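Student: Okay, predicted coordinates and the sequence, questions at the end:
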Amino acid sequence: MSWYPVLYMQMIKKQWVMALIGTVVVVGVGFGGWYYVSHRVAPFPINSTDTISSWTFKGVYTGNDTLIAQAAADVEKLTALLGTGEYDDYDLYIGMGNDANLIGDGKTAYQAYNKAISIHPSKGLAYANLAHLMDQLGAYSTAADAYAQAVAVESPQLEYHVERLNYLTRQFPGDQEQLLAAFTDAHTQFGDMPAILAIKAQWLSAGGHYTEAIEVWQTVKVLSPTERKASIDAEIARLKKKQ
């Protein structure tokens, strides 16, 4: 019973795809050093509890020679646009970071997202994309830090809260302090939002806290459209059997 998180994760994925428009893939060898020799930035810190054993991973386009060839031209185009004023450099760097992510070049993606952050530190997308990258690299606490920063700088953006909570409930389900703080952040901004409450109810039920989960689902039911109430009732009935 996960229709609310699924709905909003679809929205998040759509935003991720939209951020990639116009940036196909990135060239592999030699790309990591592009532009950064004379444009260094202080990186978003890697959490001291994390160790990145390798910055390379299997990306969506890894091993596809055709896409990599297209990427070389695309990267050249994006680099040429930097500083021209035709596009915001923030968006260009995010595109480059997303390209690097697609071919599994974690170091270059990390550098690109950091450059975007240095341009607009009060925008959340670069932090959210960096968090996604760190999750892929196994730097889970750093990912949590980056999601928290995305929420901190753009708290009115619901998708950052949803993405953060889905990540924390998946990766740190036992960290009640961190999760309750994240739920509090979301509640402070949005109040009783069904999408947020549904994630909380699922987290509670996964941890065996069935009574608390049922109470949250009942609130979700009150706030939900009529066509959703039957599925919520079914979930509540399922949890009551587990009490």
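Tutor: Good, I have the coordinates.

Student: Now do the contacts for Gly59.
Tutor: Residues near Gly59 by C-beta atoms under 8 Å, 6 or more residues apart in numbering: Asn101, Leu102, Ile103, Gly104, Asp105. The way it works is simple: take the backbone N, C-alpha and C, and place the C-beta from them, glycine included.

Student: Counting neighbours, which of those residues comes out on top?
Tutor: Most neighbours among the contacts of Gly59, by other C-beta atoms under 10 Å: Asn101, with 28 neighbours.

Student: how about low-confidence regions in this protein?
Tutor: Low-confidence segments of the chain, defined by pLDDT under 70: 1-41.

Student: How is it partitioned into domains?
Tutor: 3-155, 173-243 (automatic domain parsing).

Student: Can you tell me which of the ones you listed is most buried?
Tutor: Mean neighbour count (mean count of other C-beta atoms under 10 Å) peaks for domain 3-155 among the domains of the chain, with a mean of 18.

Student: quick one: Glu212 and Leu204 touch, right?
Tutor: Yes - assessed by C-beta atoms under 8 Å, Glu212 is found in contact with Leu204 at 4.8 Å.

Student: Quick check: neighbours shared by those two?
Tutor: Joint contacts of Glu212 and Leu204 (C-beta under 8 Å, 6+ apart) do not exist.

Student: So which residues of this protein form strands?
Tutor: For the chain, no strands turn up when DSSP state E is the criterion.

Student: Can you show me the helices along it?
Tutor: Counting by DSSP state H, the chain has helices at residues 3-19, 65-81, 89-103, 106-119, 125-137, 140-153, 158-171, 176-190, 194-206, 210-223, 226-242.

Student: Which one, of those helices, ends up nearest to Trp55?
Tutor: helix 106-119 (4.0 Å; C-beta to C-beta).

Student: Can you tell me what sits against that closest one?
Tutor: By C-beta under 8 Å, 6+ apart, helix 106-119 touches 26, 31-32, 34, 36, 39, 41-44, 52, 54-57, 88-91, 93-94, 96-98, 100-101, 123, 125-127, 129-130, 133, 136-137.

Student: Then stretch 152-172?
Tutor: Here stretch 152-172 has contacts from 5, 8-9, 11-12, 15, 121-124, 127-128, 131, 135, 140, 143-144, 147-148, 150-151, 175, 178-179, 182-183, 185-186, 189-190, 193, 195-196, 199-200, 202-203, 206, using C-beta under 8 Å, 6+ apart.

Student: Take that stretch, keep the C-alpha atoms, and write them as CSV.
Tutor: In CSV, the C-alpha atoms belonging to stretch 152-172 read as follows (Å, rounded to 0.1, in the frame of the first residue of the first chain):
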residue,chain,number,x,y,z
ALA,A,152,17.3,23.6,4.2
VAL,A,153,17.8,25.9,1.2
GLU,A,154,14.5,25.3,-0.5
SER,A,155,12.1,24.2,2.2
PRO,A,156,9.0,25.0,0.2
GLN,A,157,9.9,22.4,-2.4
LEU,A,158,7.8,19.3,-1.5
GLU,A,159,9.8,17.0,-3.7
TYR,A,160,13.0,17.5,-1.8
HIS,A,161,11.2,16.5,1.5
VAL,A,162,9.7,13.5,-0.1
GLU,A,163,12.9,12.4,-1.7
ARG,A,164,14.8,12.9,1.6
LEU,A,165,12.2,10.9,3.6
ASN,A,166,12.0,8.1,1.1
TYR,A,167,15.8,7.9,1.2
LEU,A,168,16.1,7.9,5.0
THR,A,169,13.3,5.4,5.6
ARG,A,170,15.1,3.1,3.1
GLN,A,171,18.7,3.6,4.2
PHE,A,172,18.4,4.6,7.9
